[in-house]
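Undergrad: Structural data only, the sequence is not supplied:
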């Protein structure tokens with residue numbers, strides 16, 4: 001039996017791993033810049049939610065029915081996903097960082113930001129940042 005190795009396959013896997021690490025770093029840096037405390041359970045849950053949303057944006061339209069169960073399945077738990085995300089978001093809102101002001105400047109100050117609105121705005125920010133990263137890589141090449 002003749003086995004042919006694809007030398008490019010290993011290179012593509014390395015690129016995907018490096019890209020995944022870069023995306024994870026971008027998500028974490030964004031959450032920290034928003035004022036989400038990394039010692040809260042919600043930090044990890046928001047990070048997982050954003051990874052899932054980057055893969056499938058349709059989760060935004062059914063948070064309780066699809067996104068929260070997908071997060072629970074991803075991290076192998078079912079405990080208070082929505083509540084922990086809400087608590088982390090509310091704590092971040094109290095810190096009122098510069099990035100928070102920039103992302104939520106059009107939100108009604110009389111009302112609290114919802115989990116859905118929070119996740120959608122952060123997702124939009126991440127997509128723009130990833131697009132800019134791709135553009136700079138393409139210009140360098």
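TA: Nice, thanks for sending it over. Quick caveat, the model's predicted, so the values are computed rather than measured.
Undergrad: Straight-line length of stretch 34-49, end to end?
TA: One end of stretch 34-49 to the other measures 16 Å (Cα to Cα, to the nearest Å).
Undergrad: nope, stretch 88-102 is what I was after
TA: For stretch 88-102, the end-to-end distance is 18 Å (Cα to Cα).
Undergrad: try stretch 61-76
TA: Termini of stretch 61-76 sit 23 Å apart (Cα to Cα).
Undergrad: Give me the contact list for that stretch.
TA: 44-45, 48-49, 52-53, 58-60, 78, 81-82, 115-116, 119 (Cβ atoms under 8 Å, 6 or more residues apart in numbering). C-betas here are computed from N, CA, C, even on glycine.
Undergrad: Just the pLDDT at the residue nearest the centre of the chain, thanks.
TA: Closest to where the C-alpha atoms of the chain average out (Cα atoms, centre = their mean) is residue 50, at 2.5 Å. Residue 50 carries a pLDDT value of 97.
Undergrad: Just the buried positions in stretch 117-126, please.
TA: Neighbour counts over stretch 117-126 (16 or more other Cβ atoms under 10 Å) mark 118-119, 121-123, 125-126 as buried.
Undergrad: Just the mean pLDDT for it, thanks.
TA: On average, stretch 117-126 scores 96.
Undergrad: For the spatially closest residue to residue 127 that is not a sequence neighbour, give its distance to residue 100.
TA: In this structure, residue 127 finds its nearest non-sequential neighbour in residue 54, 7.6 Å apart by Cβ to Cβ, 6 or more residues apart in numbering. Noted for residue 54: a distance of 20 Å to residue 100, by Cβ to Cβ, to the nearest Å.
Undergrad: Also residue 112?
TA: From residue 112 to residue 100 the distance is 13 Å (Cβ to Cβ).
Undergrad: shared neighbours of these two, which are they?
TA: Joint contacts of residue 112 and residue 100 (Cβ under 8 Å, 6+ apart) are residue 93.
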